[in-house]
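[1] quick check, what structure comes out for this input:
(one chain, ligands or ions: 2)
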Amino acid sequence: MAHLCSAYPFHADASFGDRGALLGTNVTGGLSGFYFDPFEFYNAGRLSNPNMIVMGSVGFGKSATVKAFVRRLRAVYGPDRYLAIIDPKGEYRALAADLGLATVKLYPGGADRVNPMDPGGGDADSSVIARQTLAAQLVCGVLGRNLSPLEDAVLGWAIEQRCRSNVAFTIRDLSSEILDPPDELVRLSRHTPLELARATAPVTFALDKLCSRTLRGMFDTATTVSVDWDNGPGVVLDLSAVYSNSDALPLVMVAATHWLAGALRGHPHRRSIQVVDEAWAAVKHGAAYFQSSLKLSRTYGVATVLVCHRPSDLTAQADDGTASAKIAAGLLSDIQTRVLLRQPPEQLAAAAEMFDLSERERAWLGQLVQGRAIWQIGARSAIVQTILTANERTLFDTDQAMVDPSERLA
Ligand SMILES: Nc1ncnc2c1ncn2[C@@H]1O[C@H](COP(=O)(O)OP(=O)(O)OP(=O)(O)O)[C@@H](O)[C@H]1O
Ligand SMILES: [Mg+2]
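    Ligands and ions are numbered 1, 2, ... in the order given. Below is the predicted model:
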């Protein structure tokens, strides 16, 4: 089969080369080996950003593909690929143990806590803006609506003041600052103290709710975990304790991703792969947040991998079709590598439109077997079968509860 390319030059694609980690076979490229690494492809000018999206139906191998990918990148590049993983289902434990990644398990009242108001790396202005965007996103999430201009301004102002003072602060500190605003803020707002307190009450309630309920004991104090960002192989943030809480999960994911991205920005000399598994839960509520974070990927050497189920995961947040199409298009313009696993028939039209699939690709997308995906890499695409080793099949297995051990393939 490897000779198909020369025997049928117009039927089989040229390969993508052999830079990167070997993932499996290029089915439409004469069954040649398929190698990929976003940084190699970026350096070779084949991509204009290193970000990736992995999309597909439940159980068709999104996580297994990502796990094989990061494990093999680590094998090929060693310390030059730092792995940072948001793990909402607690399914990366075996991989973390295998690769020696630090694991931080966040749960209400647990010992591990991270402070999303940590400054993180990068220049001071973008650190302030990132924290303002995050806080606004969290408060919007709790309130279930956009912030009024005054709410937004007061929240942003309070964060800026705290950042300028160069003293560490938490979400709880923000809440007290807004509850008891300094004279300068009252004057700037052109409201009386009472009017201002009334107008910003929803923000303090929301911040309070984050500290006392939703994010309690995970994100409301100073950071207690220490991760070796300089020499360690990577870190997994295990959020499985909140996975079944559909109200809390998006907020926890956005806060955790923000903290992780901030820390990665502080170590731009290392190339990092930041995986957000089950990203649909957070993207649906915080596309704007992800969009700004994806834009920073090239500056700080971070390739973000978002794992989603279906096209509407990128669009459901907006009310009308035009706005949602814009949000999805904005996100996708910063994600040049798209790994599309099988979609059910009702999603094919939306996927074909979103990813500009040909008729043939659209037909394939509905029939792909487990672990097989359409890879769009910049301007080119191929069908790739990820091949797992026997060891990896055991390490990555998410079907334990479904399969009788006696029926398992060797
Ligand atoms: N390429 C592959 N070869 C063999 N087995 C695979 C392959 N890809 C996935 N599997 C197996 O299929 C099962 C489901 O895969 P996985 O957990 O990656 O699916 P998923 O798409 O992430 O599902 P979910 O939407 O539930 O997160 C796993 O037990 C995994 O080992
Ligand atoms: Mg998965």
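[2] please count neighbours and contacts with C-alpha atoms only from this point.
    Fine.
[3] shouldn't Phe34 be in contact with Leu22?
    Yes - here Phe34 lies in contact with Leu22, judged by Cα atoms under 8 Å, at a distance of 5.7 Å.
[4] and the two? which has more neighbours close in?
    When Phe34 and Leu22 are compared on other Cα atoms under 10 Å, the one with more neighbours turns out to be Phe34, at 24 against 19.
[5] spit out the contact partners of the more buried one.
    15-18, 22-26, 384 (Cα atoms under 8 Å, 6 or more residues apart in numbering).
[6] hmm, 7 Å instead?
    By Cα atoms under 7 Å, 6 or more residues apart in numbering, the residues touching Phe34 are 16, 22-26.
[7] swap in Leu73?
    For Leu73, the contact set (Cα under 7 Å, 6+ apart) comprises 21, 81.
[8] okay, it: pLDDT?
    Confidence per residue is given as pLDDT, and for Leu73 that number is 97.
[9] distance of Val254 relative to ligand 1?
    As for Val254, its distance to ligand 1 is 18 Å (criterion: Cα to the nearest ligand atom, to the nearest Å).
[10] hmm, that residue is touching Val283, no?
    No - using Cα atoms under 7 Å as the test, Val254 is too far from Val283 to be in contact (8.4 Å).
[11] and the pLDDT at Ala255?
    In this model, Ala255 is scored at 91, pLDDT.
[12] same check on Arg145?
    Each residue has a pLDDT score; the one for Arg145 is 89.
[13] where does it land in three-state SS?
    Going by DSSP: H, G, I helix; E, B strand; the rest coil, the secondary structure assigned to Arg145 is coil.
[14] contacts only, for Leu23.
    If a contact means Cα under 7 Å, 6+ apart, then Leu23 has 34-35, 69, 386-387 as its contacts.
[15] spell out which residues of the chain are next to ligand 1.
    Where proximity means Cα under 6 Å from any ligand atom, the interface of the chain facing ligand 1 comprises 57-64, 370-371, 386-388, 393, 396-399.
[16] quick one: buried ones out of these?
    Among the residues of the chain next to ligand 1, those classed as buried by neighbour count (16 or more other Cα atoms under 10 Å) are 57, 60-64, 370-371, 386-388, 396, 398.
[17] looking at these, which are in helices?
    Within these, membership in helices is found for 62-64, 396, as judged by DSSP state H.
[18] export those residues to CSV and tack on pLDDT?
    Conversion of those to CSV gives the following (pLDDT from 0 to 100):
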residue, pLDDT
Lys62, 98
Ser63, 97
Ala64, 98
Phe396, 94
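[19] nearest to Cys211 among these?
    For these, the residue nearest Cys211 by Cα to Cα is Ser63; the value is 31.3 Å.
[20] okay, the closest residue to the closest one other than its chain neighbours: pLDDT?
    Counting by Cα to Cα, 6 or more residues apart in numbering, Ser63 lies nearest to Asp277, which is 7.2 Å off, once chain neighbours are set aside. Looking at Asp277, its pLDDT reads 96.
[21] next up, the contacts around Asp277.
    Asp277 makes contacts with 86-88, 306-307, as judged by Cα under 7 Å, 6+ apart.
[22] what does the helix or strand that Thr204 is a member of rub up against?
    Secondary structure from DSSP states H and E places Thr204 in helix 193-209. Residues from elsewhere that reach helix 193-209, judged by Cα under 7 Å, 6+ apart: 139, 142-143, 151, 171, 175, 178-179, 186.
[23] secondary structure class for Met253?
    In three-state terms, and counting by three-state DSSP, Met253 is helix.
[24] quick one: contacts for it?
    For Met253, the residues meeting the contact criterion (Cα under 7 Å, 6+ apart) are Ala282.
[25] all strands of the stretch 201-350 of the chain, in order?
    Here the stretch 201-350 of the chain has its strands, by DSSP state E, counting those that start in this stretch, at 234-238, 272-276, 302-308, 337-340.
[26] other SSEs contacting the last one?
    Read that as strand 337-340. The criterion is 3 or more Cα pairs under 7 Å, 6 or more residues apart in numbering; DSSP states H and E, and the helices and strands that strand 337-340 contacts are strand 52-55, strand 372-377.
[27] I'd like the average pLDDT over the first one.
    The average pLDDT for strand 52-55 rounds to 98.
[28] and that strand, how far out from the chain middle?
    What separates the centre of strand 52-55 from the centre of its chain is 10 Å, taken as Cα atoms, centre = their mean, to the nearest Å.
[29] what's the answer for the last one, then?
    Chain-centre distance of strand 372-377: 19 Å, with Cα atoms, centre = their mean.
[30] follow-up on the earlier one: closest to ligand 1 among the contacts of Phe34?
    Distances from those to ligand 1 were compared by Cα to the nearest ligand atom; the smallest belongs to Gly24, at 8.5 Å.
[31] phi, psi of the closest one?
    Backbone torsions of Gly24, given as degrees, to the nearest 10, read phi 170, psi -140.
[32] show me where the stretch 201-350 of the chain has helices.
    Taking DSSP state H, counting those that start in this stretch as the criterion, the stretch 201-350 of the chain carries its helices at 248-265, 280-295, 297-300, 321-333, 348-354.
[33] just the ones you listed: most buried one?
    When you average the neighbours per residue for each of these (mean count of other Cα atoms under 10 Å), helix 248-265 leads with a mean of 23.
[34] mean confidence (pLDDT) on the helix holding Thr204, please.
    On average, the pLDDT along helix 193-209 is 92.
[35] just stretch 224-241 next, same as before
    In this model, stretch 224-241 carries a mean pLDDT of 93.
[36] low-scoring stretches of this protein, by residue?
    1-13, 285-286, 316-325, 400-410 (pLDDT under 70).
[37] centre-most residue in it?
    Nearest to the geometric centre of the chain sits Val276, at 3.2 Å (Cα atoms, centre = their mean).
[38] next up, the contacts around that residue.
    85-87, 305-307 are the contacts of Val276 under Cα under 7 Å, 6+ apart.
[39] rerun at 10 Å
    Contact criterion Cα atoms under 10 Å, 6 or more residues apart in numbering gives 53, 84-88, 237, 253-254, 256-257, 282-283, 304-308 as the residues in contact with Val276.
[40] what do you get for Trp375?
    Neighbouring residues of Trp375 by Cα under 10 Å, 6+ apart: 26, 53-54, 337-341, 381-385.
[41] recalculate using a threshold of 8 Å.
    Residues in contact with Trp375, defined by Cα under 8 Å, 6+ apart, are 337-340, 381-384.
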